[in-house]
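*Asks:* got a sequence here, can you build the structure:
(one chain, ligands or ions: 2)
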Amino acid sequence: MPSLSKEHFDLYSAFHVPETHAWSSSHLHDHPIAGDGATIPVIDISDPDAASMVGGACRSWGVFYATSHGIPADLLHQVESHARRLFSLPLHRKLQTAPRDGSLSGYGRPPISAFFPKLMWSEGFTLAGHDDHLAVTSQLSPFDSLSFCEVMEAYRKEMKKLAGRLFRLLILSLGLEEEEMGQVGPLKELSQAADAIQLNSYPTCPEPERAIGMAAHTDSAFLTVLHQTDGAGGLQVLRDQDESGSARWVDVLPRPDCLVVNVGDLLHILSNGRFKSVRHRAVVNRADHRISAAYFIGPPAHMKVGSITKLVDMRTGPMYRPVTWPEYLGIRTRLFDKALDSVKFQEKELEKD
Ligand SMILES: O=C(O)CCC(=O)C(=O)O
Ligand SMILES: [Fe+2]
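*Replies:* Residues are numbered from 1 along each chain as shown. Ligands and ions are numbered 1, 2, ... in the order given. From the prediction side, this is the model:
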């Protein structure tokens with residue numbers, strides 16, 4: 001069994017934030033938090049104009065709230081309560097499911113932890129693609145792993161359907177015909193797309209101004225669809241400088257019947273930079289134990305993702321070099337938030353006529 005060092009400090013019984021989890025104020029307050037002015041688009045994805053609204057939101061914000069998403073409310077509640085049940089187990093039992101032998105699935109810190117000197121005020125449980133989730137969770141026995149896995153699998157299936165609807169809207173918003181979707185390699189066979197569920201638990205924090213639930217990052221996949229529990233919220237996205245002001249963190253508070261959809265790095269590449277991979281983070285609070293369930297969808301492992309030909313200016317060529325998802329994750333392991341820039345071709349001079 002992994003040892004319970006101070007590295008595995010139990011967040012649920014903390015009366016203070018230890019040095020291992022205390023972040024510098026310059027890191028936490030790198031940008032101000034936006035006032036009421038900024039509003040993340042809320043889009044009814046069954047609206048006849050949904051494609052242009054979704055496209056507009058992904059260009060301008062890289063994130064939006066989706067309503068009429070079709071995921072049954074009861075399933076969302078079940079995901080939430082199964083996640084709470086899992087995270088409420090004693091730490092030493094959860095650690096028994098830490099990923100090993102090349103599997104990505106199991107309990108642990110947020111995958112981005114390796115890039116930061118301080119630890120985050122959260123814990124996660126990953127259910128990656130086709131790993132054997134039952135084998136992983138049955139190590140938690142007598143935890144009811146069968147019903148946990150059944151609920152998560154039902155969630156994955158519903159989310160994949162939703163991702164298909166979202167891709168269709170995105171493709172149409174780019175001015176491509178529906179029949180042309182077939183030419184957009186990675187989206188052709190959505191059934192073969194790789195996906196993962198990431199359950200995140202953010203326990204209440206005695207000194208939230210010194211801690212961070214999840215540090216700023218972009219997601220690597222095409223799209224992330226996030227369900228968050230009601231309450232104080234915690235997700236924030238970075239809004240770049242615009243006509244309303246300088247760069248700022250904008251709260252993405254829970255809204256009834258809404259899921260949060262955000263663009264990841266590979267969709268940024270696929271759209272030749274039209275859709276914006278958005279930086280985001282999660283802050284913590286004193287009152288609410290927040291749970292979120294992120295669904296990531298990306299291309300099958302062998303598939304190179306490059307910019308859609310129709311979106312490329314033939315004079316300058318594509319903005320990014322094609323990469324597979326595993327290649328890109330390898331680059332992120334070395335370069336983290338410089339990864340997207342590192343696969344960008346240098347700006348080419350436009351040929352003078
Ligand atoms: O919990 C959240 O609001 C954010 C989670 C997140 O960014 C992630 O899992 O990549
Ligand atoms: Fe994320």
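*Asks:* how much space separates the residue of the stretch 1-150 of the chain found nearest ligand 1 from residue 199?
*Replies:* Among the residues of the stretch 1-150 of the chain, residue 110 lies nearest to ligand 1; the distance is 6.7 Å by C-beta to the nearest ligand atom. Yep, even glycine has a C-beta here, placed from its N, CA and C like the rest. To residue 199, residue 110 is 11 Å away according to C-beta to C-beta, to the nearest Å.
*Asks:* what is in contact with those two at once?
*Replies:* Common contacts of residue 110 and residue 199, defined by C-beta atoms under 8 Å, 6 or more residues apart in numbering, comprise residue 124.
*Asks:* contacting residues for the residue in the stretch 251-353 of the chain positioned nearest to ligand 1?
*Replies:* Closest residue of the stretch 251-353 of the chain to ligand 1, C-beta to the nearest ligand atom: residue 292 (3.3 Å). For residue 292, the contacting residues are 199-200, 202, 226-229, 234-235, 282, by C-beta under 8 Å, 6+ apart.
*Asks:* and ligand 1, which of those reach it?
*Replies:* For ligand 1, the contacts drawn from these by C-beta under 6 Å from any ligand atom are 200, 226, 228, 234-235, 282.
*Asks:* return the subset of those residues lying in strands.
*Replies:* Among those, the residues falling in strands (DSSP state E) are 200, 226, 228, 235, 282.
*Asks:* mind checking the SS state of the closest residue to residue 43 other than its chain neighbours?
*Replies:* Counting by C-beta to C-beta, 6 or more residues apart in numbering, residue 53 is the residue found nearest to residue 43 once chain neighbours are left out, at 4.7 Å. Secondary structure state of residue 53, per DSSP: H, G, I helix; E, B strand; the rest coil, is helix.
*Asks:* number of residues surrounding residue 53?
*Replies:* Close neighbours of residue 53, defined as other C-beta atoms under 10 Å, add up to 18.
*Asks:* can I get the ones next to ligand 1 among the contacts of residue 292 in a markdown table with pLDDT?
*Replies:* Shown next, in a markdown table, are the ones next to ligand 1 among the contacts of residue 292 (pLDDT from 0 to 100):
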| residue | pLDDT |
| --- | --- |
| 200 | 97 |
| 226 | 98 |
| 228 | 97 |
| 234 | 96 |
| 235 | 97 |
| 282 | 98 |
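*Asks:* just give me the closest of those to residue 193.
*Replies:* Using C-beta to C-beta, residue 226 comes nearest to residue 193 of the ones next to ligand 1 among the contacts of residue 292, at 17.6 Å.
*Asks:* who does the closest one bridge with?
*Replies:* For residue 226, the residues forming beta bridges with it (DSSP bridges) are residue 260, residue 294.
*Asks:* ok, now how distant is it from residue 25?
*Replies:* Residue 226 is 27 Å from residue 25, by C-beta to C-beta.
*Asks:* residue boundaries of the strands in the stretch 251-353 of the chain?
*Replies:* Applying DSSP state E, counting those that start in this stretch to the stretch 251-353 of the chain gives strands spanning 259-263, 280-282, 290-298.
*Asks:* same check, this time on the stretch 101-250 of the chain
*Replies:* For the stretch 101-250 of the chain, the strands defined by DSSP E, counting those that start in this stretch occupy 106-108, 123-128, 194-202, 214-217, 223-228, 235-239, 248-251.
*Asks:* can you tell which of those strands is closest to residue 17?
*Replies:* Each of the strands of the stretch 101-250 of the chain has some distance to residue 17 by C-beta to C-beta; the shortest is strand 194-202, at 13.3 Å.
*Asks:* so in that sheet, which strands flank the closest one, and in what orientation?
*Replies:* strand 123-128 (antiparallel), strand 290-298 (antiparallel).
*Asks:* most tightly packed of those?
*Replies:* The highest average neighbour count among the strands paired with strand 194-202, using mean count of other C-beta atoms under 10 Å, belongs to strand 290-298 at a mean of 25.
*Asks:* picking up where we left off before, including mean pLDDT, could the strands paired with strand 194-202 go into JSON lines?
*Replies:* Converted to JSON lines, these look like this (pLDDT from 0 to 100):
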{"stretch": "strand 123-128", "mean pLDDT": "96"}
{"stretch": "strand 290-298", "mean pLDDT": "97"}
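*Asks:* which residue is the nearest non-sequential neighbour of residue 311?
*Replies:* Closest to residue 311 by C-beta to C-beta, 6+ apart is residue 272, at 4.3 Å.
*Asks:* number of nearby residues for that neighbour?
*Replies:* For residue 272, the tally of surrounding residues (other C-beta under 10 Å) stands at 21.
*Asks:* contact partners for it?
*Replies:* Residue 272 is in contact with 307-308, 311-312, 318-320, counting by C-beta under 8 Å, 6+ apart.
*Asks:* 7 Å instead?
*Replies:* Contact analysis of residue 272 by C-beta atoms under 7 Å, 6 or more residues apart in numbering lists 307-308, 311-312, 318-319.
*Asks:* helix, strand or coil: sort out the closest residue to residue 212 other than its chain neighbours for me.
*Replies:* If the residues on either side of it in the chain are set aside, residue 212 comes closest to residue 23, at 5.3 Å by C-beta to C-beta, 6+ apart. In three-state terms, and counting by three-state DSSP, residue 23 is coil.
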